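1. How does the following fold in three dimensions:
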Amino acid sequence: MFMLRFLESMQWVLFIFFTAAYAYQIFYLLVGLWGKQRGGVENAELHRYAAIISARNESAVIGRLIRTLKEQDYPSELLDVIVVADNCTDNTAEVARSAGAIVYERFNKVQVGKGYALDYLFKHIFEEQGEDAYDAFFVFDADNIVDPQFVREMNKMYDTGEYSALTSYRNSQNFCANWISAGYALWFLRESRFLNRPRTRLGVNCAVSGTGFLISADVLREEGGWNYHLLTEDIEFSIASAVRGRKIGYCGNAIIYDEQPEHFRQSWDQRLRWSKGFYQVDAKYTGALLRGCTRGGKAGMSCYDMLMTVAPCNLVTIGSLLLAVLLCVTSFAQPAYITYRVMRMLGRILMLTVRGITFSLFAFGAVTMIAEWKRIAGPAWKKVLYTFTFPLFMLTYVPISIAALVGKVEWKPIQHGIAKVQEERESA
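-> Got it, this is the predicted structure:
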């Protein structure tokens, strides 16, 4: 029967397509496991930096971050801490000033979001301190904790002169709080170990992920500020860098500890914004990325890798399943035995799809957990448990992706301070 053959063929076409499209990440996995991590210049020139923090109602955690920046193993006269208190209704600005940061306050209810806040801050720095005041800038989220060697290690990589931006190793403060925080943390660890580390080793562009990254002042001078205002300004910057031939590297010895959401409502809002932002990036950059893929070499591979990073694979899979369901509905007009065979085929397709995706997610999560076991804080039984819940966390992206496609999404702040409360309890 034609319908059965079509459904079976569609299943195999999708399987072959996705396997071929993402096969290169198997090679990344091997490089991530056994490839040597790229290092920087040991006797590097000491550059002048500013650590930039965009904060909205972050009084509970921003002091902690500034303290870890003030305690860096790097000359204090070469590192300024600058905060933009963006549309704050609490005392974030006062807390930041008390901790020793330079603070700008911004109030703009129309241009809302981190991208606009960063642009506002960079332009004020250039106007007031001059465009040559700093060699490069670090960008952090207010809930981060920074390892004491972070700036020194990033400086070693920046001094190679190869990169216009660098990203770092993103660990977690609250990995084992629950399955949600663990899901986030495991994904970011996978990104560091099995995506960005191999990319830098192979000379392919990395992607920055919102925090713990460096951007050269040259880039900001050339562009007249931070011109990335989509809902995912970090991935927009990464895509634009690949398209324009600017190189983003990875410094695995520079470590930050991020605080992940622990409540599903907050996680839903945050990932809804990320999903919508990816659609925005797809709409704006897919053509440029496809053209970039034709360059060949490392530049072409960088564009292809970024294209696969933002490709709406969830929607392709969901769309194909909906088509299969629609075809099954039309079979109800056929004799009962035909309908039965079609429904059996649909059930088989659904089962194989879910099983295949779940197994792939578990495999990536398990390999990441094994490789990064010693760097993940928490009891062993929780780390094992949250390896098994990782596929569930990732599968919740399916309804989130659909909601982001059909609904209006706006930037919403994520409440932080959970890790601080836990820290206070432990020290009590």
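
2. Test my guess that F362 contacts F393.
-> No - here F362 does not reach F393: they are 11.2 Å apart, not a contact under C-beta atoms under 8 Å. Glycine gets a C-beta too; all of them are placed from N, C-alpha and C.

3. who's more crowded, these two?
-> F393 (22 against 17; other C-beta atoms under 10 Å).

4. For the strand or helix carrying that one, buried residues please.
-> Assigned by DSSP states H and E, F393 belongs to helix 380-395. Residues of helix 380-395 classed as buried: 382-383, 386-387, 389-391, 393-394 (neighbour count, 16 or more other C-beta atoms under 10 Å).

5. ditto for stretch 255-267
-> 255-262, 266-267.

6. mind putting these in CSV, secondary structure included?
-> Shown next, in CSV, are those (DSSP: H, G, I helix; E, B strand; the rest coil):
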residue, secondary structure
I255, strand
I256, strand
Y257, strand
D258, strand
E259, coil
Q260, coil
P261, coil
E262, coil
Q266, helix
S267, helix
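
7. beta partners for I215?
-> F137, A165 (DSSP bridges).

8. I'd like to know how far it sits from T167.
-> Separation of I215 from T167 (C-beta to C-beta, to the nearest Å): 10 Å.

9. Just the mean pLDDT for the helix ranked longest in the chain, thanks.
-> Scanning the chain for the helix with the most residues, using DSSP state H, yields helix 336-372. Helix 336-372 shows a mean pLDDT of 82.

10. so what does it touch, helix or strand wise?
-> helix 2-21, helix 24-34, helix 179-191, helix 313-330, helix 380-395 (3 or more C-beta pairs under 8 Å, 6 or more residues apart in numbering; DSSP states H and E).

11. Swap in 6 Å and give it another go.
-> For helix 336-372, the packing partners by 3 or more C-beta pairs under 6 Å, 6 or more residues apart in numbering; DSSP states H and E come out as helix 2-21, helix 179-191, helix 313-330, helix 380-395.

12. centre of the chain versus it, how much separation?
-> Put simply, helix 336-372 sits 26 Å off its chain's centre (C-alpha atoms, centre = their mean, to the nearest Å).

13. what's the burial count for D73?
-> D73 is flanked by 11 other residues according to other C-beta under 10 Å.

14. helix, strand or coil for it?
-> From three-state DSSP, the assignment for D73 is coil.

15. Now do the phi/psi pair for it.
-> With angles defined as degrees, to the nearest 10, D73 sits at phi -80, psi 70.

16. residues touching it, list them.
-> Applying C-beta atoms under 6 Å, 6 or more residues apart in numbering, we find D73 in contact with 148-149, 152.

17. and if we set it to 8 Å?
-> Neighbouring residues of D73 by C-beta atoms under 8 Å, 6 or more residues apart in numbering: 148-149, 151-152.

18. do the same with G300
-> G300 neighbours (C-beta under 8 Å, 6+ apart): 292-294.

19. what would the residues you listed look like in JSON lines with distance to A185?
-> Putting the contacts of G300 into JSON lines (distance: C-beta to C-beta, whole Å) gives the following:
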{"residue": "G292", "distance to A185": "32"}
{"residue": "C293", "distance to A185": "32"}
{"residue": "T294", "distance to A185": "37"}
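
20. Counting neighbours, which of the residues you listed comes out on top?
-> G292 (22 neighbours).

21. in what helix or strand does that residue lie?
-> Once you assign secondary structure using DSSP H and E, G292 falls within helix 264-293.

22. A377 too?
-> Counting by DSSP H and E, A377 is found in no helix or strand.

23. before we move on, back to that, just the buried residues of the helix holding G292, please?
-> Across helix 264-293, burial judged by 16+ other C-beta under 10 Å covers 266-282, 285, 288-289, 292-293.

24. before we move on, the earlier item: need the max-distance pair from the buried residues of stretch 255-267.
-> Greatest spacing in the buried residues of stretch 255-267, by C-beta to C-beta: I255 and Q266 (24.4 Å).
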